[in-house]
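In: return a 3D structure for these sequence lines:
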Amino acid sequence: MQKSMLNDPRFDLQTFLPYLLNQAAEGSSLEFQRLYKERYGMLRSEWRVLFHLGIYYRMSAKEISNKSKTHKTKVSRAVHKMQQKGFLRRVPDQEDRRIEWLELTKSGQAVYEDLHNLAQDYDQLLQRMFSKNDVVTFKRMLQVLGSR
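Out: Below is the predicted model of the structure:
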């Protein structure tokens, strides 16, 4: 009879760092995800596009994909949905017609401002669970892992 991997003393999934990181990311993002989904019918990829454009003002879909580490197909779908909702516009590059710039509309900017405020409040709520030193250390550690 084959031994179950759940009882394998050589490997504890509950202490495996990638697993813990995934569990923490999913758990901590669900409440915020519920907010932007209920308010604006947005998916995670749309939220990422919105925030990148809100922060950087004007980007290409490729830049958003690279910066957010989101597959280009998901970014493309998100851009399409956000354009349908009137949250962003596509602006062809004047010098290179192969490039298309994305910008938030006034409506998209208002949505960004609303969700930006909610995101800041939620971030503070999560940070209050830890000491200030723990938060600084944790963020530094996540930045190192994220840059790999």
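In: tell me the secondary structure at the nearest residue to residue 101 once chain neighbours are set aside.
Out: For residue 101, ignoring the flanking residues on the chain, the nearest one in space by Cβ to Cβ, 6 or more residues apart in numbering is residue 91 at 4.4 Å. All C-beta spots, glycine's among them, are computed from the backbone N, C-alpha and C. Of the three states, residue 91 takes strand according to DSSP: H, G, I helix; E, B strand; the rest coil.
In: cool, residue 129 as well?
Out: coil.
In: need the helix or strand of the protein with the lowest average pLDDT.
Out: helix 17-40 (a mean of 91; mean pLDDT, DSSP states H and E).
In: for the residue nearest the centre of the chain, give me the pLDDT.
Out: Nearest to the mean C-alpha position of the chain, counting by Cα atoms, centre = their mean, stands residue 48 at 4.5 Å. At residue 48, the predicted lDDT confidence score is 95.
In: skip the chain neighbours and tell me the closest residue to it.
Out: Of all residues not flanking residue 48 in the chain, residue 68 sits nearest, at 4.6 Å (Cβ to Cβ, 6+ apart).
In: so what's the residue count around the one you found?
Out: Here the count is done by other Cβ atoms under 10 Å, and residue 68 has 19 residues near it.
In: same thing with residue 50?
Out: So residue 50, with other Cβ under 10 Å, has 25 neighbours.
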